[in-house]
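> Sequence first, then the predicted structure, then my questions.
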Amino acid sequence: MVSDYTSGFKNISGEQVTDNPQSTEYESKVSVKEAISCRVTKYSCNTKDAYSWKAEMLKTDDFEEASRKFKAIYNSLQHLLVNVNGINAIFKADYTRPTESIKFTTIVFDAGDKAPELKKLKISIDRKRNAGMGDQNTSVRKGERGWRKGRQKDG
């Protein structure tokens, strides 16, 4: 799935799910174990379209369960070796521990300086709390969006 990012995830985009003025969402032909859903999103821009792939991993109101899952996803992605068009990259990120008082936590993994061709490829995990629910998401995105490492936002 990550290797398809250079083509805007065209090879793994399935049936269209939603069509909004600024984005179109598709079912993903590729899924990950235990995912609730996997989607490809195309964001329409004046200059160049941007794409993302997202797996929704957990919905629960149990903060401890959500935190354990968040840490497990982080551990599975830390030092992930990816080969895209013959270029090897190892994705790394510092861990940011979610807390109950923080509404949103995201960790962004990048390939570092050894793979400049993959500079725009980012992998992120998000934990957000919605009305007592802890949602866990893993996302793979390509683009120049405002990525910030270890971001947290108060509720």
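Good, I have the coordinates. Numbers count the residues shown, from 1 in each chain.
> When you work out contacts or count neighbours from here on, use the C-alpha atoms and nothing else.
Noted.
> Could you check how many residues crowd around the closest residue to E34 other than its chain neighbours?
Counting by CA to CA, 6 or more residues apart in numbering, M57 is the residue found nearest to E34 once chain neighbours are left out, at 6.6 Å. By the criterion of other CA atoms under 10 Å, M57 has 20 neighbours.
> Do I have it right that M57 meets E65?
No - counting by CA atoms under 8 Å, M57 stays clear of E65, with 12.0 Å between them.
> so what sits against both of these two?
Shared contacts of M57 and E65 (CA atoms under 8 Å, 6 or more residues apart in numbering): none.
> Mind giving me the packing neighbours of the host helix or strand of the residue nearest to E34?
Per DSSP states H and E, M57 falls inside strand 50-60. Judged by 3 or more CA pairs under 8 Å, 6 or more residues apart in numbering; DSSP states H and E, strand 50-60 is in contact with strand 37-43, helix 63-77, strand 133-142.
> Would you mind writing the CA trace of the longest one as PDB?
The one in question is helix 63-77. Extracted C-alpha coordinates of helix 63-77, given in PDB (Å, rounded to 0.1, in the frame of the first residue of the first chain):
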ATOM      1  CA  PHE A  63      -9.100   5.100  27.500                       C
ATOM      2  CA  GLU A  64      -6.700   2.300  28.700                       C
ATOM      3  CA  GLU A  65      -7.700   0.000  25.800                       C
ATOM      4  CA  ALA A  66      -7.300   2.900  23.300                       C
ATOM      5  CA  SER A  67      -3.900   3.800  24.800                       C
ATOM      6  CA  ARG A  68      -2.600   0.200  24.600                       C
ATOM      7  CA  LYS A  69      -3.800   0.000  20.900                       C
ATOM      8  CA  PHE A  70      -2.100   3.400  20.100                       C
ATOM      9  CA  LYS A  71       1.200   2.200  21.600                       C
ATOM     10  CA  ALA A  72       0.900  -1.200  19.800                       C
ATOM     11  CA  ILE A  73       0.400   0.600  16.500                       C
ATOM     12  CA  TYR A  74       3.300   2.900  17.200                       C
ATOM     13  CA  ASN A  75       5.600  -0.100  18.000                       C
ATOM     14  CA  SER A  76       4.600  -1.800  14.700                       C
ATOM     15  CA  LEU A  77       5.400   1.300  12.700                       C
END
